[in-house]
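Student: Turn this into a model:
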Amino acid sequence: MGDVEVPHTCLSDDDHHGKIRHYTSHYFGCLREEGRHAYLTELESSDKTKFNGIHERASQIKQLKARVRRNRTDAAKYMDEIVALSKLFREKKSDRQPDCQLRSSTFTAFDLLDKQLLVDPDFEAGPDATTGYGMETSMLFFKDLKPWDHPAFPKTFPNQKIKIHDLLENNPKNPLIEPCEPDMIRYFHLPHNNMSWVEKVIARHYNEENPKYNSIYLKPDAGSKTQMVLRPELWRGQQHGSQDDAIHARYMRPHCERICIDQDSIQAPQDNLVLFMPYLHWETDRQRSEFAKIIQQTREQKALKDRTEAENARVKRIRARSATKEIKNLVDTQRTKSEGIPTLKAKRFFVTTSIVSVDRFFELRRHQILAQILLRAAKLFEVMAWFDVEEMIKENLYANPPLHPRRTLDQFWYWPLPSTEARDRDQVVFRGTSPVKKDVHHPACSGSKCWYHMDCKLNFGCPQCSEDVRKRPSVVMVDQLWLWILDGNTIITSFPRRWARYNWDPSGVHKSLRVRLKGLRQGEIRSVYDLALIIIDQCSKVFFSRSLTADRQPPVMDIFANAIGDVNVRQSAAYEKFWRLARDFSLEEKGKKRDIAKLERQVLDINEEGQLLKEISDIKDELHIMKHVKEKEQYVLKEFEMQVSWILKPITELAEKEKEILQGQSRFGRIGTNQTKKLKSTIAPEQAQWTLDCIPSYQNSIVHHLADINGLYDSAENAGQAIESLLSLKQQQASLIETRESIRQTQETVRQGQAIMAFTIITVLFLPLSFLSSVFGMNILDHPDGLASFKTQLSIMFPVSLVLAIISCVLAFSKVTRAFLFYVLSVSWCWIITKFPFYVAWKEIGYNSRYFKYEQKVKRAKMKEAALQRQRDKVLRRRRDEV
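Tutor: Coordinates of the predicted model:
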């Protein structure tokens, strides 16, 4: 992980080594209460800006706490339970004597906690859901191509902000409504892809009313510049996904186009531009899963509300048509049914089944009470951190126009699927940032299975636990950049920040953009298009800039490289195991003793290779999706280059013509005033040429990103081919084993045949002897005196048996003899049947097998039919007799 390789910094109570990443996070997350006053005193004298920032953040937390307590019953419950538990902790005696210093610091922390949880009932809770959800939007100003601070707002460049409510309000003090000076560039950023915010902001820019739509079509409003900027083909018509599709099917199609705001002529200057571009980002899995639950809950509530409204409307129509008592009763029945529809209660944001009620606190031990306090504090923190975004989602997810929530990598690619929860938790980045299940310390850890956890109790932790606790499972997201360049001097962007990230987040696109703009070199931004290029570049290089991994951003490219390397290592081990098994087979064939059945089972087992093939297929699939996103970025940037070239090239060409005229080399003559009016612009030719020269460098950056992804994809492809080759070798080895078994069975059959042949020969030798001995053993009178001497019998038996045995062996083993005998018999038989009229007579009769089969079927059918007819006749006779 990127943050593991650097010393401990903010949000850690370890030694910071003199390095503080962010002063506000350091104050609230690292310092103890006794050290905060000294830290503030030092800041007040050394850095007034940081001092004011901490006080402003403390005020924001106070307002947020009041709003959460007012609107969320579970948050109020957590606050009350924490106070009750802390009081119980002080009063309850400990089972073990704790360290005095630890006990003292714990009590001090609880005193501070009780103070912080108390909310002044007269305190103004601040903005609610109808006033921008307490969110702010960033403003950047450039004057004479240099950063400039707006005097009406606190802080300095690039940290000036304004409440979203104030930016959307039609107020003369709104900086968006103020006229923009010719030498000024303005940039306003909206922190979420909320289409309604965009429409209001663009209307404020032109100081016009909000556009009114009929479905996706604008109602005619003559002379409205907002209408021209937000034409359906440039705005709502570019949205993908219908009302019936999944929420993650919403996105703006990648697009870049110039905008002409003159309704009368397309020849008017077109220095307005719109751009939609997807880009890669990340999010922790917990925040992704919890906000997915919020979105699903909002979807269910919307579906239930629609059904209820439809039922009520139907009942109202029936009531309006009712004229008789029967219809009135029907209406009452339907109304009763509709009123009985249960309303969907909002699910608790957290599953609190493990949390006991306050009434049972006295049954807990002291360390259990402390665990309950910490658990509630963590949940209260999440409720407060996610409150504004949660309320914004609930209000705008199904608004008209709607909010576009963030999407995971699989939601971007498999948008027709209703849910991608399982696929999201199978991402390569998720596996690479999650603790390994078999290494996690759990209460059942003991013995040699968890030998690396043996020092946990002695040393209060082990390296494995320290590494696991710092891991945060994360997933790759696909966000959207919406960008407008208006009047050649104002940029409005809309792209989402990470869910519920209010604190310092260096991996956030807009934060990294402000850091980059703060360190601008002189002359780096010479026009509004240069600033747009920097914004596009910051969005496109989230995973490709090594400077953005400080805040636990997962090093995505390294995780993919490590995953491919791990597959290669396991694949090499599988190859080694296969060759070892093959070598053992060869040794077995040479006569060395081996467990051949076990070897065969190991060779035929492909579970390990199948798992490797699945993992490498997942890696290739995700790399393919990321490659597709980068290709869309490349396409949009090329379109941006084409549109900007169309705007700026006439300026440079006009400057070249004027230069040629001054030098007396022009063949075009004097430049007309109409052409000069058409090219009226605040951008100097040198600035336009600078922008055109800078675009290829940004394009090369995306090309390098694609090259990195293609390199990983090629590595994954090679690994997949190696695994498939191994599976092919295993299949061939299985075929060899099968062939080997077949050969072994054939050899066994041959040996059995040889044994049977020996028995057959012995039988052939002794069968005539047995027959003759039986003959001579009979009591017959043809012999003299009915008896024969033993010598006489042998002289007859052995020659006859020998002749029969020789004849049998010759017939059995001599193919020539068998062929000769077959020849003699077949020729003799043919001579006999052809010499006499047997063959001709048979042919004339014409009988064959088909004839007899046919005759058999016919005769059987006739006999069956005759039997049935006899039965019918018998029944008829019986009926006649009865009549």
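Student: For the helix ranked longest in the chain, name the packing helices and strands.
Tutor: For the chain, the longest helix by residue count, based on DSSP state H, is helix 685-776. If you count contacts as 3 or more C-beta pairs under 8 Å, 6 or more residues apart in numbering; DSSP states H and E, helix 685-776 packs onto helix 528-540, helix 556-589, helix 596-604, helix 607-662, helix 790-813. Glycine gets a C-beta too; all of them are placed from N, C-alpha and C.
Student: just those helices: most buried one?
Tutor: With neighbours taken as mean count of other C-beta atoms under 10 Å, these reach their highest mean count in helix 528-540, at a mean of 23.
Student: List the contacts of it.
Tutor: 142, 185, 187, 273, 275, 277, 279, 479, 481, 483, 485, 488-491, 493, 495, 509, 512-513, 516-517, 524-525, 630, 633, 636-637, 640, 644, 647-648, 690-691, 694-695, 698, 701-702, 705 (C-beta atoms under 8 Å, 6 or more residues apart in numbering).
Student: Stretch 424-438 now?
Tutor: 1, 282, 285, 288, 408-411, 467-468, 471-476, 554, 556, 559-560, 562-563, 618-619, 622.
Student: Could I get the CA-only coordinates of it as PDB?
Tutor: Output of stretch 424-438 as PDB, limited to C-alpha atoms (Å, rounded to 0.1, in the frame of the first residue of the first chain):
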ATOM      1  CA  ASP A 424     -17.800  -5.500  -7.000                       C
ATOM      2  CA  ARG A 425     -16.500  -7.600  -4.100                       C
ATOM      3  CA  ASP A 426     -14.500  -9.700  -6.500                       C
ATOM      4  CA  GLN A 427     -12.500  -6.900  -8.000                       C
ATOM      5  CA  VAL A 428      -8.700  -7.300  -8.200                       C
ATOM      6  CA  VAL A 429      -8.300  -4.100  -6.200                       C
ATOM      7  CA  PHE A 430     -10.700  -5.300  -3.500                       C
ATOM      8  CA  ARG A 431      -8.800  -8.500  -3.000                       C
ATOM      9  CA  GLY A 432      -5.500  -6.600  -3.000                       C
ATOM     10  CA  THR A 433      -6.600  -4.100  -0.300                       C
ATOM     11  CA  SER A 434      -8.400  -6.600   1.900                       C
ATOM     12  CA  PRO A 435      -6.800  -8.600   4.700                       C
ATOM     13  CA  VAL A 436      -6.300 -12.200   3.900                       C
ATOM     14  CA  LYS A 437      -9.000 -14.200   5.700                       C
ATOM     15  CA  LYS A 438      -6.700 -17.000   6.900                       C
END
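Student: Check which residues of it are buried.
Tutor: Neighbour-count burial for stretch 424-438, counted by 16 or more other C-beta atoms under 10 Å, picks out 424, 425, 426, 427, 428, 429, 430, 431, 432, 433, 434, 435.
Student: Could you look up the SS state of the third one?
Tutor: Local secondary structure at residue 426 is given as coil here, using DSSP: H, G, I helix; E, B strand; the rest coil.
Student: what ranges do the strands span in the protein?
Tutor: Using DSSP state E, the strands of the chain run over 136-143, 146-148, 161-163, 184-190, 213-214, 217-218, 239-240, 251-252, 255-259, 272-284, 407-408, 474-486, 490-494.
Student: model confidence over the last one, on average?
Tutor: Think strand 490-494. The average pLDDT for strand 490-494 rounds to 94.
Student: before we move on, what about stretch 541-560?
Tutor: Mean predicted confidence for stretch 541-560 is 77.
Student: again, but for stretch 812-820
Tutor: 83.
Student: picking that back up, quick one: which of the buried residues of stretch 424-438 is nearest residue 746?
Tutor: Distance ranking of the buried residues of stretch 424-438 against residue 746, using C-beta to C-beta, places residue 426 first at 48.4 Å.
Student: Angles on the backbone of that closest one, please.
Tutor: Main-chain dihedrals, residue 426, degrees, to the nearest 10: phi -120, psi 10.
Student: per-residue confidence for it?
Tutor: 90.
Student: ok, for residue 169, nearest residue in space, not its chain neighbours?
Tutor: Closest residue to residue 169 in three dimensions, ignoring its sequence neighbours and counting by C-beta to C-beta, 6 or more residues apart in numbering: residue 204, at 7.9 Å.
Student: Now do the contacts for residue 683.
Tutor: 488, 527, 648, 651.
Student: Could you measure from it over to residue 143?
Tutor: Using C-beta to C-beta, to the nearest Å, we find residue 683 at a distance of 15 Å from residue 143.
Student: now the helices for the stretch 251-400 of the chain?
Tutor: 285-321, 325-339, 366-396 (DSSP state H, counting those that start in this stretch).
Student: Quickly note the distance from residue 255 to residue 211.
Tutor: 19 Å.
Student: between those two, who's got more neighbours?
Tutor: Between residue 255 and residue 211, counted using other C-beta atoms under 10 Å, the more crowded position is residue 211 (20 against 15).
Student: Over to the more buried one: give its phi and psi.
Tutor: Dihedral angles for residue 211 - degrees, to the nearest 10 - are phi -70, psi 150.
Student: I figured it hits residue 225, correct?
Tutor: No. Contact criterion C-beta atoms under 8 Å: residue 211 and residue 225 do not qualify, at 10.4 Å.
Student: show me what contacts the closest residue to residue 773 other than its chain neighbours?
Tutor: Take residue 773 and drop its neighbours on the chain: the residue closest to it by C-beta to C-beta, 6+ apart is residue 797, 6.7 Å away. Counting by C-beta under 8 Å, 6+ apart, residue 797 touches 768, 769, 772, 773, 776.
Student: any weak-confidence spans in the stretch 701-850 of the chain?
Tutor: Along the stretch 701-850 of the chain, segments meeting pLDDT under 70 span 778-788.
Student: Name the helix or strand of the protein that has the lowest mean pLDDT.
Tutor: Least confident helix or strand of the chain, by mean pLDDT, DSSP states H and E, is helix 325-339 with a mean of 44.
Student: List the contacts of residue 188.
Tutor: 137, 138, 139, 167, 176, 201, 490, 491, 492, 493.
Student: Rebuild those residues as a markdown table, extending it with neighbour count and distance to residue 584.
Tutor: Formatted as a markdown table, the contacts of residue 188 follow (neighbours: other C-beta atoms under 10 Å; distance: C-beta to C-beta, whole Å):
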| residue | neighbour count | distance to residue 584 |
| --- | --- | --- |
| 137 | 24 | 70 |
| 138 | 19 | 68 |
| 139 | 22 | 73 |
| 167 | 23 | 75 |
| 176 | 25 | 77 |
| 201 | 21 | 73 |
| 490 | 19 | 75 |
| 491 | 20 | 69 |
| 492 | 24 | 70 |
| 493 | 25 | 65 |
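Student: Among those residues, which one lies nearest to residue 317?
Tutor: Using C-beta to C-beta, the contacts of residue 188 come closest to residue 317 at residue 201, 40.4 Å.
Student: Now do the contacts for the nearest residue to the closest one once chain neighbours are set aside.
Tutor: Excluding the flanking residues, the one nearest residue 201 by C-beta to C-beta, 6+ apart is residue 492, at 5.8 Å. Taking C-beta under 8 Å, 6+ apart, we find residue 492 in contact with 187, 188, 189, 190, 198, 201, 202, 205, 483, 484, 486.
Student: Of the residues you listed, select the buried ones using a ChimeraX command.
Tutor: To isolate the buried ones among those in ChimeraX, judged by 16+ other C-beta under 10 Å, type:
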select :187,188,189,190,198,201,202,205,483,484,486
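Student: could you dump the contacts of residue 492 to JSON lines with pLDDT and distance to residue 604?
Tutor: What follows is these, written out as JSON lines (pLDDT from 0 to 100; distance: C-beta to C-beta, whole Å):
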{"residue": "187", "pLDDT": "95", "distance to residue 604": "65"}
{"residue": "188", "pLDDT": "95", "distance to residue 604": "65"}
{"residue": "189", "pLDDT": "94", "distance to residue 604": "60"}
{"residue": "190", "pLDDT": "93", "distance to residue 604": "60"}
{"residue": "198", "pLDDT": "93", "distance to residue 604": "61"}
{"residue": "201", "pLDDT": "93", "distance to residue 604": "65"}
{"residue": "202", "pLDDT": "93", "distance to residue 604": "66"}
{"residue": "205", "pLDDT": "91", "distance to residue 604": "70"}
{"residue": "483", "pLDDT": "96", "distance to residue 604": "58"}
{"residue": "484", "pLDDT": "95", "distance to residue 604": "63"}
{"residue": "486", "pLDDT": "92", "distance to residue 604": "68"}
